[in-house]
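> Pasting the sequence and the predicted model now:
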Amino acid sequence: MAGVSAGDPGSPGSTLPSRDGLPGDDESGDAAWLAPVAAVVAAGLAIAAAILATWALAVVLAAEQVAFAWAWGRVLRCSPGTIGLVAAWSVLADVAVLVTHRHTYGSAAGVVGSAVAAVVLYQLTLRRAVTLRVRPVAVPAASATPAASATPAASPGPAVSPTPTAGTPAAGAPPGAPATRVSAELVTALGGISLGALATGYLALRAESGAPNPADLMATAGLLGAGTAVAVARLLGWAGLAWAPAGVLGVLAAAAAGAGLGGPGAASLSATAGLAAAAAGALVAALVDRTLVRARDEPAPPPASAALLAAVLPLACAAPLVYLVGRHLPG
């Protein structure tokens, strides 16, 4: 099946092809375990990096943000340029946090703002490319006007309509086709960059000083909670349990893991602080995972893309609340 970009109208009168029949539509087989395994790997790598050092966490987050950009683009079928924009600006958010003096989460705001300008410029270029890609349409000589047919000097053969210019729909093309594709690409790019940059919250929590609790352990607890909630819920769902009890059990397991990370044996991290950070990550991650599970009612994407999205997107969305709890929870 030929690849179709987000919003691509295709040939005149056609519709976007259905995803029915693509690999991964039926997740009752071996593909079902990819999501929990990917969640464990993504969270485990981030946890190990958070314990090790700030630079290690930055490397792991950058790799996962690039993986998210690829999966996001594959699922939504956007152009390669959009995937590159999502990956580049997500990583730039990490760089902005690292190079600033205080390493605050707000340092990424300027990167997200500049991403809007970059995305708009790219979409303008894409619109021109989509419009000019339409071939000239041949008009048969029989369709010419009677006056023109009666003229002896008229040259035989088909007449070719003028080449369309940028911003002018070609003959036979669906009205607004380039605008439809550009609008879809614009939403995909801005949404992907915003979601990818959310993961920078773990890096900001790990690097920023002045928190009442140990920053490395709070970031670790948040990642542990988010990853545990997704992995447990997916595994229980794979075993046949409904999402509601599976999600609740996942959150409870994540909170218990966070409390276990703190406690008397931990270095200056109380059980309450560990539980709060893990529960914050688990609640958001479980809700995002539920959204992804419900989206499987639609034609499913390839399993590798779906697994990466299920692993990284809940972690990224949980980062702001984990950062908030880690920075402001009393010690």
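Looks like it arrived, so ask away. Residues are numbered from 1 along each chain as shown.
> how about the CA coordinates for stretch 32-40, as CSV?
Output in CSV follows, covering the C-alpha atoms of stretch 32-40 (Å, rounded to 0.1, in the frame of the first residue of the first chain):
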residue,chain,number,x,y,z
ALA,A,32,-0.4,-7.4,22.2
TRP,A,33,2.7,-7.7,24.4
LEU,A,34,4.7,-5.1,22.6
ALA,A,35,3.1,-2.2,24.4
PRO,A,36,3.8,-3.3,28.0
VAL,A,37,7.4,-4.4,27.0
ALA,A,38,8.0,-1.0,25.4
ALA,A,39,6.6,0.8,28.5
VAL,A,40,9.0,-1.2,30.8
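> where in this protein is pLDDT low?
1-31, 127-182, 263-267, 296-300, 331 (pLDDT under 70).
> Which residue ranges of it form strands?
Using DSSP state E, the strands found in the chain span residues 138-139, 159-160.
> count of neighbours near residue 114?
13 (other C-beta atoms under 10 Å). Backbone N, C-alpha and C define where each C-beta goes, glycine included.
> check contacts around it.
residue 89 (C-beta atoms under 8 Å, 6 or more residues apart in numbering).
> Next, work out how far apart it and residue 78 are.
According to C-beta to C-beta, to the nearest Å, residue 114 and residue 78 sit 20 Å apart.
> Span of stretch 47-61 from start to end?
10 Å (C-alpha to C-alpha, to the nearest Å).
> Would you mark the buried spots in that stretch?
Neighbour-count burial for stretch 47-61, counted by 16 or more other C-beta atoms under 10 Å, picks out 47, 49-50, 54, 56-58, 60-61.
> Give me the subset of those that lies in helices.
Counted as lying in helices by DSSP state H, out of the buried residues of stretch 47-61, are 47, 49-50, 54, 56-58, 60-61.
> Next, format the residues you listed as TSV and append distance to residue 241.
Output for those, formatted as TSV (distance: C-beta to C-beta, whole Å):
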residue	distance to residue 241
47	26
49	32
50	30
54	38
56	35
57	33
58	37
60	31
61	31
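> Let me know the closest of those to residue 275.
residue 47 (16.3 Å; C-beta to C-beta).
> The closest one and residue 227 touch, don't they?
Yes: in this structure, residue 47 is within contact of residue 227 by C-beta atoms under 8 Å, at 7.3 Å.
> got the buried residues for stretch 203-211?
203-208, 211.
> Any chance you could list what contacts that stretch?
Stretch 203-211 is contacted by residues 50, 54, 57-58, 61, 94, 97-98, 102-105, 107-108, 215-216, 218-219, 222, 322-323, 326-327 when judged by C-beta under 8 Å, 6+ apart.
> got it, and stretch 95-107?
Applying C-beta under 8 Å, 6+ apart, the set of residues contacting stretch 95-107 is 54-55, 58, 108, 110-111, 200-201, 203-205, 207-209, 320, 323.
> Try it again at 7 Å.
For stretch 95-107, the surrounding residues in contact (C-beta atoms under 7 Å, 6 or more residues apart in numbering) are 58, 108, 110-111, 200-201, 203-204, 207-208, 323.
> With stretch 321-331 instead?
105, 201-202, 204-205, 211-213, 215, 218-219, 222, 273, 276-277, 280-281, 284.
> Flag every buried residue along that stretch.
321-323, 325-327, 329.
> What are the buried residues along stretch 189-199?
189-190, 192-199.
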